[in-house]
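# Need coordinates for the following:
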Amino acid sequence: MRVPSVRRPAVAGTWYPGTAETLGRAVGTYLAGVERQPVGEVVAVIAPHAGLMYSGPVAAHAYRAVEARDYDVAILVGPSHFVGFDGVSVYEQGAFDTPLGPVSIAADWADAIRGASPVVYPYPPAHVREHSLEMQLPFLRRVLPAVAIVPLVMGYQTRETILELARALAAALKGTRVLLIASTDLSHYFDARTACVLDGKVIDCVKRLDPEGLLSEFEKYPEDERGRYVACGGGPAISVMCAARALGATEAVALRYADSGDVSGDKQAVVGYLAAAMGRGLTAP
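Next up is the predicted model:
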């Protein structure tokens, strides 16, 4: 029998407020600032993962799009910023703790995804410091408080890993009311005008629900430059787009785009942020 484990927050109190009252107030404010939501069934979202004050206003658009909807499980897919490894690390059981309370791991679904492909396996070091999934939890805890998660961190973002994870997700989750969540920021540290051009290519692929196009854009750059020019979580985003389409998504809408300079005032070296949704019968807000 496996002993449940709790993954402790790595960036609470730094990247986002470390107390329930302050964090809840911040998340509530960002969600309240979203005036319109898309119409239709949402299968997947893309959301950023920078510090809450920077990316929170954008991420809120993704999470308002799924607030109070019915899902069996939420699958979080993000990049590894600190640990290099092959494949995708799944956190199998227990919970991810947050200042707003723990978020339970859907162990059965984690097992199903792991069983669908050898590319998915437990590699605990990938989760210890990683913020890409953690930054999604305050919003998830607020909008879907009863939904358990499967946390997946992608190591080296190779074509083989990206496409195999997409296949495994589609195979394991067929017939499930699933919410797929891709965690990624867009271009890093260009001036805002250049960032807008680079990020526009990603947004265009997302709006067309064209993961193959995004993969082609991703592979135009050397592996160590893809995060800067395209998206640090480009691999997770492509996997989620492929899986969403295999699970029935037929449309995608961009909900919000912004950059870090909108908050900091520094437009000379920005990070781009996107919120988007994919599903069936979707119309833009």
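
# if I pick the residue most central in space within the chain, what's in contact with it?
With distances taken as CA atoms, centre = their mean, S183 lies nearest the centre of the chain, 2.1 Å away. Residues in contact with S183 (CB atoms under 8 Å, 6 or more residues apart in numbering) are 47-49, 76-79, 132-133, 135-136, 233, 236. From N, CA and C alone the C-beta is placed, and that goes for glycine too.

# isn't R8 right up against T98?
No: using CB atoms under 8 Å, R8 is not in contact with T98; the gap is 9.8 Å.

# Compare these two and say which one has the larger neighbour count.
Between R8 and T98, counted using other CB atoms under 10 Å, the more crowded position is T98 (21 against 11).

# Confirm that one sits in a helix?
No: applying DSSP: H, G, I helix; E, B strand; the rest coil, one finds T98 to be coil, outside a helix.

# neighbour-wise, which of the contacts of S183 leads?
Neighbour-wise, the contacts of S183 (other CB under 10 Å) top out at A47, 32 neighbours.

# which residues of the stretch 1-150 of the chain fall in strands?
6-7, 39-47, 73-79, 88-90, 95-96, 103-104, 120-121, 149-154 (DSSP state E, counting those that start in this stretch).

# what's the most buried one of these?
Across the strands of the stretch 1-150 of the chain, averaging neighbours per residue (mean count of other CB atoms under 10 Å) puts strand 149-154 on top, at a mean of 27.

# okay if I get the strands of the stretch 1-150 of the chain as CSV plus mean pLDDT?
Output for the strands of the stretch 1-150 of the chain, formatted as CSV (pLDDT from 0 to 100):
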stretch, mean pLDDT
strand 6-7, 96
strand 39-47, 96
strand 73-79, 98
strand 88-90, 98
strand 95-96, 98
strand 103-104, 98
strand 120-121, 98
strand 149-154, 98
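
# Please render the ones you listed as a markdown table that adds distance to P17 to the earlier fields.
Converted to a markdown table, these look like this (distance: least, CB to CB, whole Å):
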| stretch | distance to P17 |
| --- | --- |
| strand 6-7 | 19 |
| strand 39-47 | 18 |
| strand 73-79 | 21 |
| strand 88-90 | 27 |
| strand 95-96 | 17 |
| strand 103-104 | 17 |
| strand 120-121 | 32 |
| strand 149-154 | 21 |
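
# For T250, which of those strands is the nearest?
Nearest to T250 among the strands of the stretch 1-150 of the chain is strand 39-47; the distance by CB to CB comes to 9.4 Å.

# from the chain's centre, how far out does the closest one sit?
Between the centre of strand 39-47 and the centre of its chain there are 12 Å (CA atoms, centre = their mean, to the nearest Å).

# Skip the chain neighbours and tell me the closest residue to T98.
In space, and not counting its chain neighbours, T98 is closest to L137: 4.8 Å by CB to CB, 6 or more residues apart in numbering.

# before we move on, what about Q268?
Counting by CB to CB, 6+ apart, the residue nearest Q268 is D191, at 5.3 Å.

# ok, that neighbour touching A269?
Yes: D191 lies in contact with A269 (CB under 8 Å); the separation is 7.0 Å.

# R142: neighbour count?
Other residues close to R142 by other CB under 10 Å number 18.

# re the thing from before, looking at the strands of the stretch 1-150 of the chain, which is closest to L169?
strand 73-79 (6.6 Å).

# which helices and strands does that closest one pack with?
helix 107-116, strand 149-154, helix 159-173, strand 178-183, helix 234-246 (3 or more CB pairs under 8 Å, 6 or more residues apart in numbering; DSSP states H and E).

# now these in TSV, with distance to G279?
Converted to TSV, the helices and strands packed on strand 73-79 look like this (distance: least, CB to CB, whole Å):
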stretch	distance to G279
helix 107-116	19
strand 149-154	19
helix 159-173	14
strand 178-183	10
helix 234-246	8
